[in-house]
Each structure stands twice: as C-alpha cells, then as structure tokens.
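**Q** output the structure for:
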Amino acid sequence: MTAYLDTHVAAWLYAGRLDLFPQPVLDRLDEDDLLVSPMVALEIEYLFERGRVREGWPPVFGALRRDLGVTPCDLPFDRVAERACVQRWTRDPFDRLIAAQAAVRGVELITKDRRMREHCNWAVWSD
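**A** Okay, here's the model as predicted:
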C-alpha cells in the first residue's frame with residue numbers, strides 16, 4: 001500500500017518520537033510506500049523559520065528518505081490545487097493541499113489531526 005505523511009508525522013519520525021504513534025500506525029509506516037506532499041516540505045521549513053522545529057526540510061527529508069524510503073509526491077500541481085479548492089473545511093492552505101494530494105492519488109493520509117480525519121475519509125490514525 002501507499003500512504004502520505006502529514007507534517008507532524010514527518011516531524012515526529014525525524015525527531016525519533018516513535019512513542020507518539022500507536023502500534024498500528026507504526027506497522028503501516030514500516031510496511032507502506034510513503035510519500036510526502038511538497039507542502040509538507042514548505043510547512044516544515046516555515047516551522048523552522050518560526051523556531052518551532054530544530055531543522056529545516058533538507059535534513060528532515062534526507063533522513064526520512066534514507067531511513068524510511070519516503071519519496072516526494074510527483075502529481076501535477078494543477079490537479080492537486082483543483083482538488084484543494086473544494087476542501088472548504090479549513091482555511092489552512094497546508095492542510096488543504098496535503099489532504100488534496102492524497103485524495104488525488106486515491107490513497108490514505110496518515111495524520112493525528114482529528115479535524116482532518118473528520119472531513120477526509122482518506123485521513124487515518126489509530127487512537
């Protein structure tokens with residue numbers, strides 16, 4: 001199977017915070033082909049600039065690619081943006097585009113974000 005990682009999932013994995021994941025999610029992370037939206041890159045860089053995370057995107061992605069085989073999504077941006085335009089449950093452009101990326105590809109998005117899971121049936125977590 002293939003799944004996308006939400007921003008906090010990518011950040012927690014990079015930080016080694018496996019204690020924040022329930023076992024079913026850890027199993028998926030170990031078994032699935034993992035993708036990240038380019039918006040995850042931008043959001044992590046934004047959080048780095050604001051001092052909310054310790055590293056910017058290049059070292060985070062390098063480690064995720066090396067350790068977990070994470071790859072960036074290559075869907076055409078116009079298709080993703082078109083889908084994001086109908087994601088009216090949030091005004092957060094990061095969430096809209098990250099959710100749209102998984103929706104366009106037709107795969108799940110691994111996220112703990114409860115609001116995203118309430119509005120996107122392809123957003124999953126195991127509480």
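
**Q** rest of the way, CA atoms for contacts and neighbours
**A** Noted.

**Q** count of neighbours near residue 14?
**A** Neighbourhood size, residue 14 [other C-alpha atoms under 10 Å]: 18.

**Q** so it is in which element?
**A** helix 7-15 (DSSP states H and E).

**Q** what does residue 4 give?
**A** Element membership for residue 4, per DSSP H and E: strand 2-5.

**Q** A strand includes residue 109, no?
**A** Yes: with DSSP: H, G, I helix; E, B strand; the rest coil as the criterion, residue 109 is part of a strand.

**Q** pairing partners for residue 4 in the sheet, please.
**A** Counting by DSSP bridges, residue 4 is bridged to residue 35, residue 109.

**Q** any idea where the strands of the chain begin and end?
**A** 2-5, 33-36, 71-72, 108-110, 123-124 (DSSP state E).

**Q** from those, which stretch is densest packed?
**A** Comparing the strands of the chain by mean neighbour count (mean count of other C-alpha atoms under 10 Å), strand 108-110 ranks first with a mean of 25.

**Q** pLDDT averaged over it - what is it?
**A** Taken as a whole, strand 108-110 has an average pLDDT of 98.

**Q** cool, stretch 113-127 as well?
**A** So the average pLDDT for stretch 113-127 ends up being 94.

**Q** now do the phi/psi pair for the residue positioned nearest the centre of the chain.
**A** Nearest to the mean C-alpha position of the chain, by C-alpha atoms, centre = their mean, lies residue 6 at 2.0 Å. Dihedral angles phi and psi of residue 6 (degrees, to the nearest 10) take the values phi -80, psi 170.

**Q** that one touches residue 100, doesn't it?
**A** No: assessed by C-alpha atoms under 8 Å, residue 6 is found out of contact with residue 100, at 11.6 Å.

**Q** returning to what we had before: for the strand holding residue 4, which helices and strands make contact with it?
**A** Helices and strands touching strand 2-5, by 3 or more C-alpha pairs under 8 Å, 6 or more residues apart in numbering; DSSP states H and E, are strand 33-36, strand 108-110.

**Q** list the contacts of the residue nearest to residue 117 when sequence neighbours are not counted.
**A** Closest residue in space to residue 117, ignoring its immediate chain neighbours: residue 123 at 4.9 Å, by C-alpha to C-alpha, 6 or more residues apart in numbering. Going by C-alpha atoms under 8 Å, 6 or more residues apart in numbering, residue 123 touches 99, 108-111, 116-117.
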